[in-house]
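>>> Pasting the sequence and the predicted coordinates here, then a few questions.
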Amino acid sequence: MKKQITQISVAQSSKVFGLFHFLLSALICMPLAILTFLLTRKLEYLAIALIPFAYWIASYVLGAVIAWTYNIAAKNFGGIEYETAEID
């Protein structure tokens, strides 16, 4: 059975996109910030810990633009099609 995605929720998909990228960048940046601070004892290296927050905001905005663009394209040209099958 073929199905088609005709609309994506802009707000919800942006939240998920932003959170996902925040967590990924935090896994790298937080340990790096702590390590560089412990090795150098310079507070400015703790600014690395702010990168995930900037990435979160940027990813949220980009996710909203992508979802909004998809909705326009799906309305004019049709959405992404996929097939499903029932398995017993």
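Received the coordinates, thanks. Residues are numbered from 1 along each chain as shown.
>>> hang on, isn't F53 packed against S25?
No. Using CB atoms under 8 Å, F53 is not in contact with S25; the gap is 9.0 Å. For glycine as for every other residue, the C-beta is placed from the backbone atoms N, C-alpha and C.
>>> where exactly do the strands run in the chain?
Ranges of strands in the chain, per DSSP state E, are 2-5, 80-83.
>>> before we move on, the earlier item: F53 and S25 - which one has more neighbours?
Taking other CB atoms under 10 Å, F53 and S25 do not tie; S25 has more neighbours (17 against 13).
>>> Low-confidence bits of this protein, can you list those?
For the chain, no stretch has pLDDT under 70.
>>> Spatially central residue in it, please.
The centroid of the chain falls nearest to F17 when counting by CA atoms, centre = their mean (2.4 Å).
>>> Surely it is in contact with A58?
No. Counting by CB under 8 Å, F17 stays clear of A58, with 10.3 Å between them.
>>> Looking at the strands of the chain, spot the one closest to A11.
When these are compared by CB to CB, strand 2-5 sits nearest A11, at 16.6 Å.
>>> Now do that closest one: which elements does it pack against?
strand 80-83 (3 or more CB pairs under 8 Å, 6 or more residues apart in numbering; DSSP states H and E).
>>> So which elements touch the strand it packs on?
On a contact count with 3+ CB pairs under 8 Å, 6+ apart, strand 80-83 meets strand 2-5.
>>> The strand it packs on pairs with which strands, parallel or anti?
If you go by DSSP bridges, strand 2-5 pairs up with strand 80-83 (antiparallel).
>>> could I get the strands of the chain as a markdown table with mean neighbour count?
What follows is the strands of the chain, written out as a markdown table (neighbours: other CB atoms under 10 Å):
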| stretch | mean neighbour count |
| --- | --- |
| strand 2-5 | 10 |
| strand 80-83 | 10 |
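>>> Give me the distance from stretch 63-72 to the chain's centre.
In terms of CA atoms, centre = their mean, to the nearest Å, the centre of stretch 63-72 is found 13 Å from the chain centre.
>>> And for the nearest residue in space to H21 that is not next to it in sequence, the neighbour number?
The spatial neighbour of H21 that comes closest, neighbours along the chain excluded (CB to CB, 6 or more residues apart in numbering), is S59 at 3.8 Å. Neighbour count for S59, taken as other CB under 10 Å: 22.
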